[in-house]
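>>> how does the following fold in three dimensions:
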Amino acid sequence: MLLKSISKILHKTYVCNFLPHRYSALFINGLKATENFVFLLPHIDFPDRLSDKDVLLRMLNKRKSNFDVDKLENLWNVYIDLKKHKTECDNRRNEYSKQLNELYKHETEGNKIEKLKIQVNLIKENLKNLKAPLWAAEEAAIVEALHLPNSLHNLTPDNENKLIYQHKQPPKSCKNHSIIGQEQNLLMFMNNNNYYLTGDAALFELGAKFYFSNFLKSYNFIQFSCPDFVKSLIVEGCGIDHTDPNSTFILHDNENSEVNADKRMHLTGAGSLCAFFAYHAKNVIYSKLLPLQYFSMGRLYAPRDNKENTLFNVSQSSVVQMFVATKDGSDLDAQLNNVIEIIKNLYSKLDYHFRLVYVAADKLHNWESLRVSIEMYSSSLKEYIEIGNVSLSGDYISKRLMFTYTENKQNKFPHILSGTILNVPKFLGCVLEQDADFVIPQPFKVENWKQKTIC
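The predicted structure follows:
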């Protein structure tokens with residue numbers, strides 16, 4: 001009866017194409033666990049989110065996502081049914097084994113003992129036959145659940161970006177930063193993968209990084225050193241497709257050997273969210289250390305098309321990346337308000353036109369629940385360019401990469417605020433297109449390149 005029941009479930013599953021052939025760098029089970037090192041097992045909260053399916057569907061609708069909740073629900077039900085059957089088999093095997101042990105104490109042979117032996121062997125065979133389908137169902141369900149987007153923050157607009165702050169008015173000129181950069185020997189472009197900032201543009205880059213660094217330190221942010229390379233596990237854990245060459249730069253082996261797509265290295269840069277989580281994955285901290293307030297200065301690497309060679313479309317950028325971890329959502333909201341005020345002060349002192357907007361739900365990445373975009377106007381493109389951003393992801397990535405803190409002897413997941421609060425090439429491009437002639441801002445000049453001494 002048990003095998004017939006299992007076969008019925010699996011037949012329905014395969015006919016409906018609910019068990020696709022999929023792999024994951026983040027979740028490894030079954031036979032793959034004998035061939036691959038299992039660094040961590042992500043925490044899956046899909047059952048909790050499915051408890052209010054209407055809310056989940058409304059969120060996906062706002063995101064304009066094509067994620068199929070019914071497919072995931074069916075996959076999950078198949079996995080739970082098979083898991084339940086395995087538990088029943090284990091319990092029955094333990095019960096028969098216990099009865100056998102009792103009989104052995106009083107008699108050495110008999111029909112009852114032989115009957116129990118046959119039943120135990122049948123159950124063992126059932127468990128053996130159940131193992132592969134259960135692993136397949138588990139992998140299909142959990143890998144699909146890992147593609148479910150993050151819940152939306154209540155401040156995220158439904159349809160259009162929402163303006164929350166503006167400093168000064170947009171420039172009225174029609175300047176093009178690429179032309180200005182070449183005429184004034186500030187830019188040397190080979191292509192969007194290979195370019196150089198020269199003269200005052202190079203000083204502008206260094207001065208901007210020192211200015212932001214000193215400002216953040218005055219608000220008790222700690223400078224952090226991050227790696228340039230991360231593993232596929234971290235990329236997928238941060239909600240990015242680790243197999244997509246348009247998402248990250250993937251390092252390939254030059255040798256003619258078979259490469260596991262889930263065990264590669266990615267060039268993301270020290271100024272990326274992945275770089276911070278490369279350190280914090282499977283890390284446990286004490287609650288008294290929260291909130292964490294970090295920032296890093298380094299490169300951000302992201303593949304770009306070759307349609308235009310401008311500072312708005314380069315594959316490598318000097319950036320300042322922020323990373324904040326808090327206990328819960330209310331603390332995270334408080335940190336968001338604090339960071340917004342910091343950004344206002346940072347950019348207002350430079351006296352360029354900029355604005356802050358909440359980004360609409362359909363423009364967010366899967367891992368984001370809210371994004372505040374720092375924008376400046378490009379007179380060449382006649383549109384606003386995002387020169388920085390701050391995103392809330394809640395505990396979405398923490399659960400995937402098992403970043404936890406302990407409180408009252410319980411492990412909980414920190415809520416994360418992160419973002420590139422300065423992208424130097426995009427910032428410089430917009431500054432070159434301002435109404436006035438380009439000059440290095442006073443705070444960026446060499447005499448202001450100071451860093452606080454850390455004892």
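>>> show me where this protein has helices.
2-15, 32-35, 46-50, 53-63, 69-106, 111-145, 177-183, 200-218, 232-237, 273-280, 329-348, 396-401, 424-432 (DSSP state H).
>>> a markdown table for these, including mean pLDDT and mean neighbour count?
For the C-beta atoms, the positions are set from N, CA and C on the backbone; glycine is no exception. Converted to a markdown table, those look like this (pLDDT from 0 to 100; neighbours: other C-beta atoms under 10 Å):
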| stretch | mean pLDDT | mean neighbour count |
| --- | --- | --- |
| helix 2-15 | 47 | 14 |
| helix 32-35 | 69 | 11 |
| helix 46-50 | 90 | 14 |
| helix 53-63 | 94 | 15 |
| helix 69-106 | 83 | 15 |
| helix 111-145 | 82 | 17 |
| helix 177-183 | 91 | 17 |
| helix 200-218 | 94 | 19 |
| helix 232-237 | 94 | 27 |
| helix 273-280 | 95 | 24 |
| helix 329-348 | 96 | 17 |
| helix 396-401 | 96 | 24 |
| helix 424-432 | 96 | 25 |
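>>> quick check: which of those is nearest to N154?
When the helices of the chain are compared by C-beta to C-beta, helix 329-348 sits nearest N154, at 9.4 Å.
>>> contacts for that closest one?
Helix 329-348 has contacts (C-beta atoms under 8 Å, 6 or more residues apart in numbering) with 164-165, 167, 212, 215-216, 219, 290-291, 322, 324, 326, 354, 356, 370, 372, 374, 388, 390, 392, 394, 415-417, 421.
>>> hmm, which of those are the buried ones?
Taking 16 or more other C-beta atoms under 10 Å as the criterion, what is buried in the contacts of helix 329-348 is 165, 212, 215-216, 290-291, 322, 324, 326, 354, 356, 370, 372, 374, 388, 390, 392, 394, 415-417, 421.
>>> could you dump the helices of the chain into a markdown table and include distance to L251?
Output for those, formatted as a markdown table (distance: least, C-beta to C-beta, whole Å):
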| stretch | distance to L251 |
| --- | --- |
| helix 2-15 | 36 |
| helix 32-35 | 21 |
| helix 46-50 | 32 |
| helix 53-63 | 31 |
| helix 69-106 | 32 |
| helix 111-145 | 23 |
| helix 177-183 | 31 |
| helix 200-218 | 26 |
| helix 232-237 | 10 |
| helix 273-280 | 14 |
| helix 329-348 | 33 |
| helix 396-401 | 21 |
| helix 424-432 | 23 |
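>>> closest one to S317 among those helices?
Closest among those, using C-beta to C-beta: helix 424-432, at 5.0 Å.
>>> contacts for the closest one?
Contacts of helix 424-432 (C-beta under 8 Å, 6+ apart): 175, 177, 180-181, 186, 197, 201, 204-205, 208-209, 310-312, 314, 317-319, 352, 376-378, 385-388, 438.
>>> that helix versus helix 329-348: what angle between them?
Computed by axes from the mean of the first three to the mean of the last three C-alpha atoms, to 10 degrees, the angle separating helix 424-432 from helix 329-348 equals 40 degrees.
>>> contact partners for D241?
Applying C-beta under 8 Å, 6+ apart, the residues near D241 are S247.
>>> wait, which of the helices of the chain is closest to N191?
Closest of the helices of the chain to N191 is helix 177-183, at 12.6 Å (criterion: C-beta to C-beta).
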